[in-house]
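A.B. asks: Based on what follows, work out the 3D shape:
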Amino acid sequence: MRVSMRRREFLSTGLAASALTLAGQAGDAQSAVSPASPAKPRQYYELRKYFLEQGPQVALADKYVATALIPALNRMGIAPVGAFNLSIGPETPALYLLLPSANLETLANAGLRLRSDQEFLAAADAFWNAPAASPSFVRIESTLLIAFEGWPEVTVPPATATHGKRVFQLRTYESASDRDHVRKVAMFHAGEFEIFRKVGFWNVFFGDALIGPRLPHLTYMLSFADLNQMNDLWAAFRDDADWKKLNTMAEYTFEPIVSNITNLVLTPAAYSQI
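C.D. replies: Modelled structure (predicted):
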């Protein structure tokens with residue numbers, strides 16, 4: 001038991017150390033294009049996807065996240081936690097969670113801390129102890145990101161406070177090389193954030209992937225009142241004079257800087273804090 005615990009502690013510490021090294025490299029790249037220090041420290045994000053099957057798994061996962069996982073994560077200081085159902089995109093049903101924290105070690109050790117949280121274990125019993133013949137989920141996929149310097153933390157849409165209607169767009173940009181990836185990050189810092197905001201998008205987060213599949217890539221999330229507003233605002237964005245100028249600058253156009261885009265539309269779960 002003692003050896004097993006030491007091994008888990010070593011793995012979580014090693015993960016944190018590796019991610020800190022990558023975060024430093026990402027920070028160096030972003031500082032090259034955004035030298036001013038942000039007023040607030042950059043958050044880390046775990047973007048987690050639960051692959052589910054239609055049927056009992058969906059309700060079981062909802063109950064687990066709402067009554068067990070989110071309260072336990074909040075007790076660790078991981079907040080606000082976003083919970084979203086995949087509405088438009090491949091591999092439905094799927095539940096996406098966004099876990100933000102200013103402390104990387106908190107994210108790295110969250111799983112270990114859950115195992116010693118008796119309140120969590122009691123609330124999570126049905127999900128955690130589901131038999132192999134009827135599992136509570138298919139698989140989990142997770143990516144660790146660090147917030148962009150120019151957008152250092154999650155910003156919650158105003159409609160969240162009143163449980164108002166809202167949809168979210170989760171966009172991932174893959175690049176063919178690290179050089180191209182850094183240039184795309186630079187493009188956001190050169191004005192893309194502000195163009196989004198000027199046009200009327202609600203910017204939720206922008207993150208540079210440190211650990212996860214299909215690197216290098218960045219992921220960001222936008223929020224809208226509904227799909228009609230989303231489509232209208234993207235049309236306005238494409239016609240915006242500042243965007244047309246930024247999108248034709250030589251440093252961003254001498255070769256493609258994005259090789260693949262994944263575009264998902266998510267709807268917040270009733271218990272989402274974002």
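A.B. asks: From now on I want contacts and neighbour counts done on CA atoms only, so please keep to that.
C.D. replies: Will do.
A.B. asks: can you pull out the strands in the stretch 101-250 of the chain?
C.D. replies: 139-147, 167-174, 202-211, 217-224 (DSSP state E, counting those that start in this stretch).
A.B. asks: how about a markdown table for those strands, with distance to L52, mean pLDDT and mean neighbour count added?
C.D. replies: A markdown table is the format used below for the strands of the stretch 101-250 of the chain (distance: least, C-alpha to C-alpha, whole Å; pLDDT from 0 to 100; neighbours: other C-alpha atoms under 10 Å):
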| stretch | distance to L52 | mean pLDDT | mean neighbour count |
| --- | --- | --- | --- |
| strand 139-147 | 8 | 98 | 19 |
| strand 167-174 | 19 | 98 | 21 |
| strand 202-211 | 23 | 98 | 24 |
| strand 217-224 | 22 | 98 | 22 |
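A.B. asks: I'd like the ones you listed as a markdown table, with distance to L99 appended.
C.D. replies: What follows is the strands of the stretch 101-250 of the chain, written out as a markdown table (distance: least, C-alpha to C-alpha, whole Å):
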| stretch | distance to L99 |
| --- | --- |
| strand 139-147 | 10 |
| strand 167-174 | 15 |
| strand 202-211 | 11 |
| strand 217-224 | 13 |
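A.B. asks: So L99 is in contact with K49, correct?
C.D. replies: No: at 11.2 Å, L99 and K49 do not qualify as touching, with contact defined as C-alpha atoms under 8 Å.
A.B. asks: who does the closest residue in space to W151 that isn't next to it in sequence bridge with?
C.D. replies: Distance criterion C-alpha to C-alpha, 6 or more residues apart in numbering; nearest residue to W151, sequence neighbours excluded, is F206 at 6.4 Å. In this entry, F206 is beta-bridged to Y220, by DSSP bridges.
A.B. asks: Spit out the contact partners of F206.
C.D. replies: Each residue near F206 by C-alpha atoms under 8 Å, 6 or more residues apart in numbering is listed here: 147-148, 151-152, 218-221.
A.B. asks: From Y271, how far out is it?
C.D. replies: Distance of F206 to Y271, given as C-alpha to C-alpha, to the nearest Å: 22 Å.
A.B. asks: what's the answer for L60, then?
C.D. replies: Counting by C-alpha to C-alpha, the gap from L60 to Y271 is 14 Å.
A.B. asks: and S223, what does it touch?
C.D. replies: Here S223 is in contact with 157, 166-169, 201-204 (criterion: C-alpha under 8 Å, 6+ apart).
A.B. asks: if we go to 10 Å?
C.D. replies: Neighbour list for S223: 156-157, 159, 166-170, 200-205, 229-230, 265-267, 274 [criterion: C-alpha atoms under 10 Å, 6 or more residues apart in numbering].
A.B. asks: got the buried residues for the helix or strand hosting E251?
C.D. replies: Per DSSP states H and E, E251 falls inside helix 250-253. Neighbour-count burial for helix 250-253 flags Y252 (criterion: 16 or more other C-alpha atoms under 10 Å).
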